[in-house]
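>>> sequence first, predicted model second:
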Amino acid sequence: MAKDKKELENRLKYISKKRFYPKNFYFYSDFGSSKTTIIQRLVKELAKGREACKKANDQKYFDNYNNNEIIYKHELSHDTWKFQDLLNLCEKDKCVIGRKNKKPVEVVSKYNIFSAQDPFQDIFTFRKHVFDQEEIKSLESKIALYRRFSKSRAGDLLNFINGRFDIKFAENISLEEAKKYVYDDDFENLYEHDGDVFMKQKIDMNIVLGSVIGNVDVDNYSFTVYNQYWNDDLLSNIIIPNNIESLHKNLQVKLSNFTVLDPQIESSTKRKIDDTEIVDREKEKHVKLDDF
């Protein structure tokens, strides 16, 4: 009974403002590369039982948004959002979007997750092409979009692999004030670091990817994902999943006699990156973060 009451209180709580920096994910690859499945798992892990919101291709309206913490969209296109709304959505900026026959809604999502078959430069018009009807975006707009999906520290890659997607609150937000912008059961996940307030979020990326992560190359911002079709032995530089039972039986067998500890990876390399390229192969998937 107490648990049901707590869940009801969480559902009824309304997050009035976005006083934090959202985390943004963009997966692109060819059709049939399992990116849809990856996003579905990522949404489920981050949502922790709460309802996520799926965005339709409608630049003007966002009728089904209901104060959701997670927004996702399969096959992002140029007409999913107004470009400025997309920029506002993926930053701390206020983001107000219209609804049909309703008052406009302020979007306060903490996690924005998108997939597509193409990189941003093939979705949005940053240079003139023959027969283009869409308005050309400026170089500043291109940089602004890429910046919202880019990280430049080795630690960011390790956070992704380790499933650490902590939310940073706006400057000058106290630990007590931050409670206004999270559900009550996340109070225990709030913490301070170097004068800023964060909300801890930890998930198992092996579950999300349905595979075993290994061959982490921090300097080149890449790692290898071994899925159920990998027939050879696993290499020694893998990261042991927290929940082996969640993986395919083929991988469970390979891991059954594997005793290596999680690798400790460190690097001081700093490079700027933008896109996530997911290359699908029959036996191996290799995820690479390209230089911008």
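Received the coordinates, thanks.

>>> where exactly do the helices run in the chain?
Using DSSP state H, the helices of the chain run over 2-12, 35-47, 83-89, 120-123, 139-148, 154-162, 175-178, 205-209, 249-255.

>>> so which of these gets nearest residue 62?
Closest of the helices of the chain to residue 62 is helix 83-89, at 8.6 Å (criterion: CB to CB). From N, CA and C alone the C-beta is placed, and that goes for glycine too.

>>> what's that closest one packed up against?
Using 3 or more CB pairs under 8 Å, 6 or more residues apart in numbering; DSSP states H and E as the contact test, the elements touching helix 83-89 are helix 139-148.

>>> what residues are bridge-paired with the residue nearest to residue 238 when sequence neighbours are not counted?
Of all residues not flanking residue 238 in the chain, residue 214 sits nearest, at 3.5 Å (CB to CB, 6 or more residues apart in numbering). Taking DSSP bridges as the rule, residue 214 bridges to residue 224, residue 238.

>>> residue 214 contacts residue 233, doesn't it?
No: with contact defined as CB atoms under 8 Å, residue 214 does not count as touching residue 233 (11.4 Å).

>>> if you count surrounding residues, which of these two has more?
residue 214 (19 against 8; other CB atoms under 10 Å).

>>> in the stretch 101-250 of the chain, where is pLDDT below threshold?
Within the stretch 101-250 of the chain, the stretches with pLDDT under 70 are 126-135, 151-155.

>>> so which residues of it form strands?
Assigned by DSSP state E, counting those that start in this stretch, the stretch 101-250 of the chain shows strands spanning 102-106, 111-116, 167-169, 190-193, 196-199, 212-217, 222-226.

>>> just checking: what are the partner strands of the fifth one?
Each strand that pairs with strand 196-199, with its direction, by DSSP bridges: strand 167-169 (antiparallel), strand 190-193 (antiparallel).

>>> cool, the second one as well?
In the sheet, strand 111-116 lines up against strand 23-28 (parallel), strand 70-73 (parallel) (DSSP bridges).

>>> residues making contact with the longest one?
It refers to strand 23-28. Contacts to strand 23-28, defined as CB atoms under 8 Å, 6 or more residues apart in numbering, come from residues 35, 38-39, 42, 76, 90, 110-120, 148-149, 165, 167, 275-278.

>>> out of the residues you listed, which end up buried?
35, 38-39, 42, 76, 90, 110-116, 119-120, 148-149, 165, 167, 275-276, 278 (16 or more other CB atoms under 10 Å).

>>> CA atoms only for stretch 72-92, dumped as CSV, please.
Backbone C-alpha positions of stretch 72-92 (Å, rounded to 0.1, in the frame of the first residue of the first chain) are rendered in CSV as follows:
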residue,chain,number,x,y,z
TYR,A,72,12.4,9.7,-27.7
LYS,A,73,11.9,9.7,-31.5
HIS,A,74,12.7,6.9,-33.9
GLU,A,75,13.9,8.1,-37.3
LEU,A,76,14.4,11.8,-36.6
SER,A,77,13.6,14.0,-39.6
HIS,A,78,13.8,17.7,-40.5
ASP,A,79,10.1,18.1,-39.7
THR,A,80,10.1,16.5,-36.3
TRP,A,81,10.8,19.8,-34.6
LYS,A,82,11.1,23.4,-35.4
PHE,A,83,14.9,23.8,-35.4
GLN,A,84,15.0,26.3,-32.6
ASP,A,85,12.7,24.1,-30.5
LEU,A,86,15.1,21.3,-31.0
LEU,A,87,18.0,23.4,-29.8
ASN,A,88,16.0,24.6,-26.8
LEU,A,89,14.9,21.1,-26.0
CYS,A,90,18.5,19.8,-25.8
GLU,A,91,19.8,22.6,-23.6
LYS,A,92,18.9,24.3,-20.3
